[in-house]
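J.: test case, fold it:
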Amino acid sequence: MRNLFLLSAAALAVTATAAEPAENSSNWTRYGNASLQFTQGYVSKNWYKGGESNMALIATGEYNANWKRAKWAWDNKLEAKLGYVTTRSDEYHNYMTNQDLLKLSTKLGYQATSHWYYTAQAIGQTQFCPGYKTNQPDEFSKFFSPAYLTLSLGMDYKYEKEDYLKFSAFISPASYNLKYVNDPLRNYVSEDTPLSGRIDGTQFGLPKGEFNTYGLGASANCNLYWKLSKYVTWTSTATWFSPLYNVRKEKTDGYTEIMWENTFDMPLNKYFSTKLYTCLRFDDSVGPENKGEGWGYFQFSELLSFGLSYAF
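T.: Below you'll find the model as predicted:
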């Protein structure tokens, strides 16, 4: 839990510092938000439908710093999410993470037309804390295991309507996608080598025992900010990557990675809000042995929460 409170403190610190104007900032636009939200459910032991009590706490922070001068535009975004949920029925853990993300994205563009930019983009992401599966003692993931890096060249379309609608669509025919695991589980491990802490990279599309793999191909990503009304704001991000060449073989089987994230923010006032977060992911690079029962290569996550929220 300590990591969650550290992130919460950091998010509030970012809020305080970012709200102060910086010198020579006429070309810069800075904005963001921070939240600390809580969910709780209680079920008595004799509840006729079964179930168990649980609590969840999630801290999020987002900071944007965008620079524009003449025909040049430079957009930067830092995102952080960390959430825990209690797991009373789990044999090994009292609580586990249900949200965990550290992501930095940057893109530099030169204006070609009124809405189109020649653009270079970089996106890197990992997580803060170890992740576990229910009733399994070994770590499923951890900091820099996995880590992802995508470098792309292409065209970026931008559209804004006053202060309530912002949309961008980046299309790249030349993208480099790197997957990395810091301490992979090897094919052969000696008796004096502990398995604990080693990560099975095949769960993320890496070959068994390898630290990294990369692909060269095409990618695209879209970002949407839409203030639907005074009480509802919709933020959405969709990404896609498909390689034409992979480091492990000259031709791939045409695997695809897609992720679609949506956040609906429903503020009660300046400091309190309800948030609905959903994430749909598709990744068939993990192979048939890592398919989910009933889901195949699709993965889905959803979280509804209420608590403190502040935009700046």
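J.: from now on I want contacts and neighbour counts done on CA atoms only, so please keep to that.
T.: OK.
J.: neighbours around the closest residue to residue 95 other than its chain neighbours, how many?
T.: Distances taken as CA to CA, 6 or more residues apart in numbering place residue 86 nearest to residue 95, at 4.1 Å, with adjacent residues excluded. Using other CA atoms under 10 Å, residue 86 has 18 neighbouring residues.
J.: how close does residue 86 sit to residue 38?
T.: From residue 86 across to residue 38, the span is 12 Å (CA to CA, to the nearest Å).
J.: got any residues that touch both of these two?
T.: The contact sets of residue 86 and residue 38 overlap at 55-56 (CA atoms under 8 Å, 6 or more residues apart in numbering).
J.: burial check on residue 114, number of neighbours?
T.: 10.
J.: so which helix or strand takes in it?
T.: Counting by DSSP states H and E, there is no helix or strand that carries residue 114.
J.: ok, it - contacts?
T.: Applying CA under 8 Å, 6+ apart, no residues qualify as near residue 114.
J.: could you pull out the helices for the stretch 151-300 of the chain?
T.: Here the stretch 151-300 of the chain has no helices by DSSP state H, counting those that start in this stretch.
J.: where does pLDDT dip in it?
T.: 186-197, 246-254 (pLDDT under 70).
J.: quick one: the residue nearest to residue 95 from residue 167, how far?
T.: Counting by CA to CA - residue 86 and residue 167 are separated by 37 Å.
J.: buried residues in stretch 60-78?
T.: Within stretch 60-78, the residues scored as buried using 16 or more other CA atoms under 10 Å are 60-68, 73-78.
J.: could you do stretch 28-35 as well?
T.: For stretch 28-35, by 16+ other CA under 10 Å, it's 30, 32-35.
J.: I'd say residue 127 and residue 97 touch.
T.: No - using CA atoms under 8 Å as the test, residue 127 is too far from residue 97 to be in contact (10.4 Å).
J.: state the distance from residue 299 to residue 280.
T.: Using CA to CA, residue 299 is found at 6 Å from residue 280.
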